[in-house]
Each structure stands twice: as structure tokens, then as C-alpha cells.
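> quick check, what structure comes out for this input:
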Amino acid sequence: MRVSLVQMNSQDDKAENLKTAARLIEDAVRSDNPDLVILPEYFAFLGDNPAEMHASGEEFPGGEVYTLLSGLAKQHGITLHAGSIVEKEGNNFYNATLVFGPDGQQIARYRKIHLFDVDTPNGISYRESDSVARGEEVVTYAVGDRTVGCAICYDIRFPELFRALRDKGADIIVLPAAFTLMTGKDHWEVLARARAIETQTYFMAVGQIGTHAAGRKACWGHSMVIDPWGHVVAQCSDRVGITSASLDFDHTATVRANVPVAQHHVL
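The predicted model follows:
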């Protein structure tokens, strides 16, 4: 399987973000002929104003983003893992991933389970739960005969979710993110490689890069493909762009045979 990771610097201009996403997807298809293309978290709109984030949301199916993604997947004959966008359902909003198959049909939807609610020692508070509701379902989908597991950003700190995805047969796990610069420089690669090693899956960590919210916030980027042994086999540079890799599932089988952790769980 060929995969392409799309690293973006999304802002609070939805139309421009969608234009950039479409262009980068086209670039990936033209240069690398991937089976699976992955976008980052909040690729369609990234700001720090909850009201504006909510206003960017859409109800599924339908809506501008949904229609565009479905059309791009069908046009290019790819499975498109659409990072995450704001989903509106009644009075609730979710940080949600949509996945479309090569025929343009939706094949999965994942709502982020772990929400980033933190009070820092210097008095700054982050309350993701003030903006979006929590998902509850562990989600996988198929690309050919391979199973792909879904997670988003802060989920990376909770290994029990990834154990559940591995137990559901995941060969690949995808984690779109907008990981902050300060935590990203110390934790992003360490956590992503740990999740790959413990699940013995290919791990796709796909991030936003650079500043947003008028320069008040910054994302770490470093989108990467990690193999089941924990090696980084492809990585984006520190700018908007793509990276691609071929996944070798014979290597997965070897890793799992040599260290059969899935057979040794006792808790």
C-alpha cells in the first residue's frame, strides 16, 4: 500500500484552506500514486475563537467540505482520510474524522474521544470540552484487505485506545493532529513511535505546521510514517507539503512473530 501524508498550515479562512487541501491532494496523487491520502486535524478551519470554529462546522452528510472530499476521493480513485473537521449535530459539535472510499462514498466517521482540558501552572487554561462534545466509538475501516484505525491528536496520550484498535485488527493507525510547538518538540515523536511499537502497526502521525490564530499559536508539524518496529520511514520537512511511503506488511508479520505481544496480554 502507498500512503501520502498532507501537512498543512491551516488558518481561519475556510475557502483558502480547502483550496490548499485539494491542491496538495492532487500533488500527492500525481507524484506518488497513493492508495490512502491523509489530511491533518482541523484542516478546513483552524483558529482560537470557538464561535468561529462552530460557524465553520457542517452537518453530515452534505455540506461544502463533505461534498468536496467525496468528490476528490472519487476523482482521484483514493481512500481519503480527512483529518478532522467540525461536525455539527443538533446543538452539539464534534472534532470528527471523515473517511471516503475511491467511489466517493463515506466509509467511516470518528469523533475524537479524549478532549484536551488542561490548566497550566502559569494560569492558562485550555478547554476543548467547551467547544466540542466527546466521541465514544472506537472506529476502524478497510482499505483493500487492510484495517485502518482512527484517532485524533490528544488521543495519542492514551494507549488503551490504541490497544483497542490493535485488538480490532488494525494494521495501520492514523492520527491527524494540530500538536502544539511546546509539547510537540518533546513528546510528538516519542509518543508516536511508542504507539507504533506497542501496537505493532504502521502509525501515521499527520500534523499542522507553523503559526495560526494571528500568530498567537504554533504547531509542531513533523508529520511522519512510522513502521511497526518504531522506525520513522518518512517525514515532512518544516513547511507545508507532503511525504509518502510504501507499507510492507510482510515486515509487520515479521515484527509480530518475533515479539508476539498480542498473545501475551493478561490484563
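> check the gap between the residue nearest to residue 139 when sequence neighbours are not counted and residue 56 for me.
Closest residue to residue 139 apart from its sequence neighbours, by CB to CB, 6 or more residues apart in numbering: residue 110 at 4.0 Å. Using the backbone N, CA and C atoms, a C-beta is placed for each residue, glycine as well. Separation of residue 110 from residue 56 (CB to CB, to the nearest Å): 19 Å.
> more neighbours: these two, which one.
In terms of neighbours (other CB atoms under 10 Å), residue 110 is the more surrounded of residue 110 and residue 56; the figures are 26 against 21.
> list the helices and strands the helix or strand hosting the more buried one packs on?
Element membership for residue 110, per DSSP states H and E: strand 106-111. Applying 3 or more CB pairs under 8 Å, 6 or more residues apart in numbering; DSSP states H and E, one finds that strand 106-111 contacts strand 79-89, strand 92-100, strand 140-143.
> what angle do the first one and strand 106-111 make?
It refers to strand 79-89. 50 degrees (axes from the mean of the first three to the mean of the last three CA atoms, to 10 degrees).
> circling back to that earlier point, packing partners for the helix or strand just after the strand holding residue 110?
Sequence order places strand 117-119 as the next helix or strand after strand 106-111, per DSSP H and E. The elements that strand 117-119 packs onto, with contact taken as 3+ CB pairs under 8 Å, 6+ apart, are strand 125-127.
> how about the strand it packs on: buried residues?
When burial is assessed from 16 or more other CB atoms under 10 Å, strand 125-127 yields no buried residues.
> repeat that for stretch 114-123.
Judged by neighbour count (16+ other CB under 10 Å), stretch 114-123 contains these buried residues: 114-115.
> what is the end-to-end distance of it?
In stretch 114-123, first residue to last residue: 22 Å (CA to CA, to the nearest Å).
> which residues sit against that stretch?
Contact with stretch 114-123 is made by 95, 125-129, 132, 134, 153-155, 157-158, 161, as judged by CB atoms under 8 Å, 6 or more residues apart in numbering.
> parallel or antiparallel, list what pairs with the helix or strand where residue 234 lies.
Using DSSP H and E, residue 234 sits within strand 232-235. In the sheet, strand 232-235 lines up against strand 224-226 (antiparallel) (DSSP bridges).
> who touches the strand it pairs with?
Contacts of strand 224-226 (CB under 8 Å, 6+ apart): 3, 5, 189, 192-193, 196, 202-205, 232-236, 243, 245, 247.
> tell me, what residue is most central in the chain?
residue 176 (1.8 Å; CA atoms, centre = their mean).
> relative to residue 250, how far out is it?
On the measure of CB to CB, residue 176 and residue 250 end up 27 Å apart.
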